[in-house]
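Visitor: predicted structure and sequence below. I'll ask about it afterward.
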Amino acid sequence: MTSSIQRIGTTPRFSEAVIHQGTVYLAGQVSQLIDADISAQAHDVLRKIDELLTRAGTDNSQLLSAQIWLKDMADYPAMNAIWDAWLEQVKAPVRVCVEAPMAKPHYRIEVLVIAAQKA
Amino acid sequence: MTSSIQRIGTTPRFSEAVIHQGTVYLAGQVSQLIDADISAQAHDVLRKIDELLTRAGTDNSQLLSAQIWLKDMADYPAMNAIWDAWLEQVKAPVRVCVEAPMAKPHYRIEVLVIAAQKA
Amino acid sequence: MTSSIQRIGTTPRFSEAVIHQGTVYLAGQVSQLIDADISAQAHDVLRKIDELLTRAGTDNSQLLSAQIWLKDMADYPAMNAIWDAWLEQVKAPVRVCVEAPMAKPHYRIEVLVIAAQKA
């Protein structure tokens, strides 16, 4: 068993992705679209996740787990509409969604995923 | 290394369980027992987890990690009583518990677990 | 594929660390320094994580993922200063940070990490 770890987009504070033994961990993704509504922010967040999954050698068909935080649970239906469209062609991961304030007040959504690398 | 992923209870939005390389990820489990107290909801949630673990070829003796959200941290002692009884015959996973509003106002508890498959 | 699980610091309620297939899951770490500020609590929490990682046969150079909860997001910059210093010599894991009340009112921070064992 190897302990080799690959990292993508590493800053002194965090990595955007970390890969270990075929499992891909992504950093919590947020949107810098200030004043955007939940639909625009959710779409932006999922686009960032797609890009990171590609860089990690995988895609959203290989998702294992997703944690979603919403600033306001009133955004839940609109977030789900964007989420469901994102997964329309693939099989969905496990998921949990709770409400919480995030690092910046304009963040309406943050999404943390774990995925499998492609063989 | 295989990237094969097994899924259980998959809907367009999420899967109830996803299995990858011997690790079992379950969706956040909640209780639809509206107006039930924390004890009844916690018991219901852990029963659902038991059922999903069985379907995934494992059980609560193989838990690796548990994240618990409570609507009201005042429920912490009563939740712990149900939790401790659930794990009386087995060894406990790592755990974290914080307070957060969840997707529906009647949810008093949500639990997200990761487990190992049995050999 | 083995299902063998190693556990460290197991109580009837939770384990401080669980190791499975080279992946180390730590319990959410908090500080019992009542009335301490975020800097002191963050330092205390990261010290506890270092100790548990050592006991699990690894260290903070092997971190894969970190979830951070703050009681008050106003503590974010001070937490980051301690966090960044902790990782100064190593490569950072993926990370997410949200605000939430924790099990005890004096907890200002809780950190949940996943790491790789050393080869």
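Guide: Cool, got the structure.
Visitor: how about the closest residue to chain B within chain A, what does it touch?
Guide: Per Cβ to the nearest Cβ, the residue of chain A with the smallest distance to chain B is A:Val96, at 3.1 Å. The C-beta positions use only the backbone N, C-alpha and C, and glycine is treated the same way. A:Val96 sits next to A:66-68, B:27-28, B:67, B:69, B:110, B:112 when contact means Cβ atoms under 8 Å, 6 or more residues apart in numbering or on different chains.
Visitor: remind me which residues of chain A are low pLDDT?
Guide: Under the criterion pLDDT under 70, the flagged ranges of chain A are A:1-3.
Visitor: just checking, A:Ser31 touches A:Asp44?
Guide: Yes. Look at A:Ser31 against A:Asp44 with Cβ atoms under 8 Å: they come within range, at 4.0 Å.
Visitor: quick one: is stretch A:77-87 near chain C?
Guide: No. Using Cβ under 8 Å from any Cβ of the partner chain, stretch A:77-87 stays clear of chain C, with a minimum separation of 15.5 Å.
Visitor: show me the contact partners of that stretch.
Guide: Against stretch A:77-87 from outside (Cβ under 8 Å, 6+ apart): A:37-39, A:42-43, A:46, A:60, A:68, A:70, A:97, A:109, B:12-13.
Visitor: can you list the buried residues in that stretch?
Guide: A:78-80, A:82-83, A:86-87 (16 or more other Cβ atoms under 10 Å in any protein chain shown).
Visitor: count of residues packed around A:Thr54?
Guide: Per other Cβ atoms under 10 Å in any protein chain shown, the neighbour tally for A:Thr54 reads 11.
Visitor: so it is in which element?
Guide: helix A:38-55 (DSSP states H and E).
Visitor: can you give me the buried ones in that helix?
Guide: In helix A:38-55, the ones that count as buried by 16+ other Cβ under 10 Å are A:38, A:41-46, A:48-49, A:52-53.
Visitor: and if you look at stretch A:5-21?
Guide: Under 16+ other Cβ under 10 Å, the buried positions of stretch A:5-21 are A:5, A:7-8, A:14-21.
Visitor: from those residues, which ones fall inside strands?
Guide: In strands, defined here by DSSP state E, the members of the buried residues of stretch A:5-21 are A:5, A:7-8, A:15-20.
Visitor: quick one: which of those is nearest to C:Lys118?
Guide: Closest approach to C:Lys118 among these (Cβ to Cβ): A:Ile5, at 10.5 Å.
Visitor: thought the closest one was touching C:Ala116?
Guide: Yes. Assessed by Cβ under 8 Å, A:Ile5 is found in contact with C:Ala116 at 5.8 Å.
Visitor: now do the shared contacts for those two.
Guide: Listed contacts common to A:Ile5 and C:Ala116 are A:20, C:62, C:64; contacts here mean Cβ under 8 Å, 6+ apart.
Visitor: which of those come close to chain B?
Guide: Contacts with chain B are made by none of those, judged by Cβ under 8 Å from any Cβ.
Visitor: wait, which of those residues is closest to B:Pro105?
Guide: Nearest to B:Pro105 among the shared contacts of A:Ile5 and C:Ala116 is C:Leu64, at 34.6 Å by Cβ to Cβ.
Visitor: the closest one touches A:Ile5, doesn't it?
Guide: Yes. Using Cβ under 8 Å, C:Leu64 is in contact with A:Ile5, at 7.0 Å.
Visitor: now the residue in chain A positioned nearest to chain C. Its backbone dihedrals?
Guide: Distance from chain C to each residue of chain A (Cβ to the nearest Cβ) is smallest for A:Gly28, at 3.1 Å. When read as degrees, to the nearest 10, the backbone of A:Gly28 gives phi -60, psi 130.
Visitor: chain C contacts on chain A?
Guide: A:1-5, A:7, A:10-18, A:20-21, A:23, A:25-28, A:67, A:69, A:100-103, A:110, A:112, A:114.
Visitor: any idea which helix or strand carries the nearest residue to the residue of chain A closest to chain C once chain neighbours are set aside?
Guide: Nearest in space to A:Gly28, with sequence neighbours left out and distances taken as Cβ to Cβ, 6 or more residues apart in numbering or on different chains, is C:Val96 at 3.1 Å. Using DSSP H and E, C:Val96 falls within strand C:94-99.
Visitor: quick one: distance of that strand to the chain centre.
Guide: Strand C:94-99 sits 12 Å away from the centroid of its parent chain (Cα atoms, centre = their mean, to the nearest Å).
Visitor: again, but for stretch A:80-90
Guide: Offset of stretch A:80-90 from its chain centre (Cα atoms, centre = their mean): 13 Å.
Visitor: could I get that stretch in PDB with only the CA atoms?
Guide: The C-alpha coordinates for stretch A:80-90 follow below in PDB (Å, rounded to 0.1, in the frame of the first residue of the first chain):
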ATOM      1  CA  ASN A  80     -31.700  21.200  -6.000                       C
ATOM      2  CA  ALA A  81     -32.800  22.300  -9.400                       C
ATOM      3  CA  ILE A  82     -29.200  23.100 -10.400                       C
ATOM      4  CA  TRP A  83     -27.900  20.000  -8.600                       C
ATOM      5  CA  ASP A  84     -30.300  17.700 -10.300                       C
ATOM      6  CA  ALA A  85     -29.500  19.100 -13.800                       C
ATOM      7  CA  TRP A  86     -25.800  18.600 -13.100                       C
ATOM      8  CA  LEU A  87     -26.300  14.900 -12.400                       C
ATOM      9  CA  GLU A  88     -28.800  14.300 -15.100                       C
ATOM     10  CA  GLN A  89     -26.500  12.000 -17.100                       C
ATOM     11  CA  VAL A  90     -24.800  10.300 -14.200                       C
END
